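Colleague: What follows is a predicted structure for the sequence shown.
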Amino acid sequence: MISPPDRDRYSRQILFPGIGEKGQESLLRSHAVVVGCGALGSFHAAALARAGVGRLTLIDRDYVEPSNLHRQWLYEECDAAESLPKAAAAARRLSRINSAISLRAAVADLTPANAEDLLGAADAILDGTDNFDTRYLVNDFAVSRGIPWFYGGAVGAYGLAMPVIPGRTPCLRCVYPQPPSGAQPTCETAGVLNVIVSAVASLQVADALKILSGHPESVAARITTLDLWEGNIRQIAAPARDPDCPCCGRREFPYLEESARPAATLCGRNAVQIHERVRPIDLAALRAQLEPLGEVRANDFALRFLSPPYELTIFADGRAIVKGTSDPAIARSIYAKYLG
Ligand SMILES: [Zn+2]
């Protein structure tokens with residue numbers, strides 16, 4: 001039963017026939033996990049908290065920086081000034097938006113080792129990540145456990161969203177059997193418009209609300225792409241599930257094995273090595289992407305990029321050394337920031 005104050009608070013949402021009182025009760029009992037609290041994730045978290053989703057787990061390994069503020073809706077100048085971890089800053093802000101819900105802030109890199117703890121009790125998982133390593137891990141975990149998850153990405157003015165309902169719609173590996181090869185454009189190299197973020201995140205949250213309010217049948221198996229500068233919005237039916245998909249067809253979940261992670265190991269006193277096995281990098285193309293952002297030195301074998309206080313050395317096979325930190329999570333984050 002909904003309490004009288006909650007009935008008032010959520011009255012406009014209860015009036016919406018898609019939700020109704022039963023749907024609101026269901027939202028209040030639900031648990032959503034937001035993986036990555038950057039641009040997409042901070043929007044997801046705010047919308048879910050305002051909608052009354054009763055439990056939120058927020059996962060992020062990064063700190064708030066001034067360059068986040070133009071698109072990361074939850075954060076304020078003081079968060080950047082304090083270099084607060086995003087998960088902690090998000091939880092602080094959300095507790096003022098909705099003091100009745102339960103919030104868990106995990107300042108962590110999602111890994112095979114902590115996936116059960118962080119994702120295991122989720123009714124829905126929202127993708128706010130900036131890299132395919134984490135998305136494939138989320139996909140393997142969600143499909144293995146039958147948890148709906150909502151893929152989204154945005155860069156420039158372009159974005160894409162796709163729901164994954166295990167057993168019913170294609171999973172990420174049905175659509176993209178392998179992670180993309182080479183360096184992908186990222187918000188750091190190609191820039192991003194703040195409204196594409198909220199548009200993509202809104203599509204993800206809308207589908208999550210259908211699941212959490214008890215209307216899974218309302219989630220359509222489709223891929224939506226948007227370019228808000230060109231003004232193009234397209235929806236295509238998602239391809240059929242691949243019966244031979246290694247993940248949802250054959251039920252092999254290699255991304256849940258710790259050995260599948262690109263190893264990030266301490267390397268010297270203040271450096272971390274990241275080893276990606278299957279990711280050849282076009283160093284000339286990467287040089288062109290990074291040169292506007294800082295000092296780049298390159299030869300045929302490696303490229304060195306200075307992003308103070310860090311120095312990133314990237315090898316043609318995708319391996320990299322991040323100097324300036326001894327924390328593998330920070331090193332992985334810097335790698336993902338510039339190489340996708
Ligand atoms: Zn699949």
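Modeller: Sure, I can see it. Numbering: from 1, shown residues only.
Colleague: Can you verify residue 292 is assigned to a strand?
Modeller: No. Looking at residue 292 with DSSP: H, G, I helix; E, B strand; the rest coil, it is helix, so not inside a strand.
Colleague: Helices of the chain, residue ranges please.
Modeller: For the chain, the helices defined by DSSP state H cover 4-9, 11-15, 20-28, 39-51, 77-81, 86-97, 115-119, 132-145, 172-175, 187-190, 194-212, 283-290, 328-339.
Colleague: can you list the residues of the stretch 201-340 of the chain near the ion?
Modeller: Within the stretch 201-340 of the chain, the residues that sit near the ion (CB under 5 Å from the ion) are 245, 247-248. Every C-beta, even on glycine, is put in place using the N, C-alpha and C of the backbone.
Colleague: Closest one of the residues you listed to residue 155?
Modeller: Nearest to residue 155 among those, counting by CB to CB, is residue 247 at 24.7 Å.
Colleague: helices and strands of this structure: which one bottoms out on pLDDT?
Modeller: When each helix and strand of the chain is scored by mean pLDDT, DSSP states H and E, strand 263-266 comes last, with a mean of 68.
Colleague: hmm, back to that, would you format the helices of the chain as JSON lines with mean neighbour count and mean pLDDT included?
Modeller: Output for the helices of the chain, formatted as JSON lines (neighbours: other CB atoms under 10 Å; pLDDT from 0 to 100):
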{"stretch": "helix 4-9", "mean neighbour count": "12", "mean pLDDT": "96"}
{"stretch": "helix 11-15", "mean neighbour count": "13", "mean pLDDT": "98"}
{"stretch": "helix 20-28", "mean neighbour count": "19", "mean pLDDT": "98"}
{"stretch": "helix 39-51", "mean neighbour count": "26", "mean pLDDT": "98"}
{"stretch": "helix 77-81", "mean neighbour count": "14", "mean pLDDT": "93"}
{"stretch": "helix 86-97", "mean neighbour count": "20", "mean pLDDT": "96"}
{"stretch": "helix 115-119", "mean neighbour count": "17", "mean pLDDT": "97"}
{"stretch": "helix 132-145", "mean neighbour count": "23", "mean pLDDT": "95"}
{"stretch": "helix 172-175", "mean neighbour count": "22", "mean pLDDT": "96"}
{"stretch": "helix 187-190", "mean neighbour count": "18", "mean pLDDT": "84"}
{"stretch": "helix 194-212", "mean neighbour count": "23", "mean pLDDT": "98"}
{"stretch": "helix 283-290", "mean neighbour count": "16", "mean pLDDT": "91"}
{"stretch": "helix 328-339", "mean neighbour count": "22", "mean pLDDT": "88"}
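Colleague: of the ones you listed, which approaches residue 161 most closely?
Modeller: Nearest of the helices of the chain to residue 161, taken as CB to CB: helix 194-212 at 4.0 Å.
Colleague: Can you show me the CA trace of the closest one as CSV?
Modeller: Taking C-alpha atoms only, helix 194-212 is exported to CSV below (Å, rounded to 0.1, in the frame of the first residue of the first chain):
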residue,chain,number,x,y,z
ASN,A,194,24.8,17.9,-23.4
VAL,A,195,21.3,17.3,-24.8
ILE,A,196,22.2,14.1,-26.7
VAL,A,197,23.1,12.7,-23.3
SER,A,198,19.7,13.5,-21.7
ALA,A,199,17.9,12.2,-24.8
VAL,A,200,19.7,8.8,-24.8
ALA,A,201,19.4,8.6,-21.0
SER,A,202,15.7,9.3,-21.2
LEU,A,203,15.1,6.4,-23.6
GLN,A,204,17.0,4.1,-21.3
VAL,A,205,15.1,5.3,-18.2
ALA,A,206,11.7,5.0,-20.0
ASP,A,207,12.3,1.4,-20.7
ALA,A,208,13.6,0.7,-17.2
LEU,A,209,10.4,2.3,-15.7
LYS,A,210,8.3,-0.1,-17.9
ILE,A,211,10.2,-3.0,-16.4
LEU,A,212,10.2,-1.7,-12.8
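Colleague: Could you list every helix and strand in contact with that helix?
Modeller: helix 20-28, helix 39-51, strand 124-127, strand 149-155, strand 158-164, strand 222-227 (3 or more CB pairs under 8 Å, 6 or more residues apart in numbering; DSSP states H and E).
Colleague: tell me the angle the second one makes with strand 149-155.
Modeller: The one in question is helix 39-51. 130 degrees (axes from the mean of the first three to the mean of the last three CA atoms, to 10 degrees).
Colleague: mind exporting helix 39-51 as CSV, just the C-alpha atoms?
Modeller: Extracted in CSV, the C-alpha atoms of helix 39-51 (Å, rounded to 0.1, in the frame of the first residue of the first chain):
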residue,chain,number,x,y,z
ALA,A,39,26.7,12.0,-18.2
LEU,A,40,24.2,9.2,-18.9
GLY,A,41,24.3,7.7,-15.4
SER,A,42,23.8,10.9,-13.5
PHE,A,43,20.7,11.6,-15.5
HIS,A,44,19.5,8.0,-15.0
ALA,A,45,20.0,8.2,-11.2
ALA,A,46,18.2,11.6,-10.9
ALA,A,47,15.2,10.4,-13.0
LEU,A,48,14.9,7.1,-11.1
ALA,A,49,15.2,8.8,-7.7
ARG,A,50,12.5,11.3,-8.6
ALA,A,51,10.3,8.5,-10.0
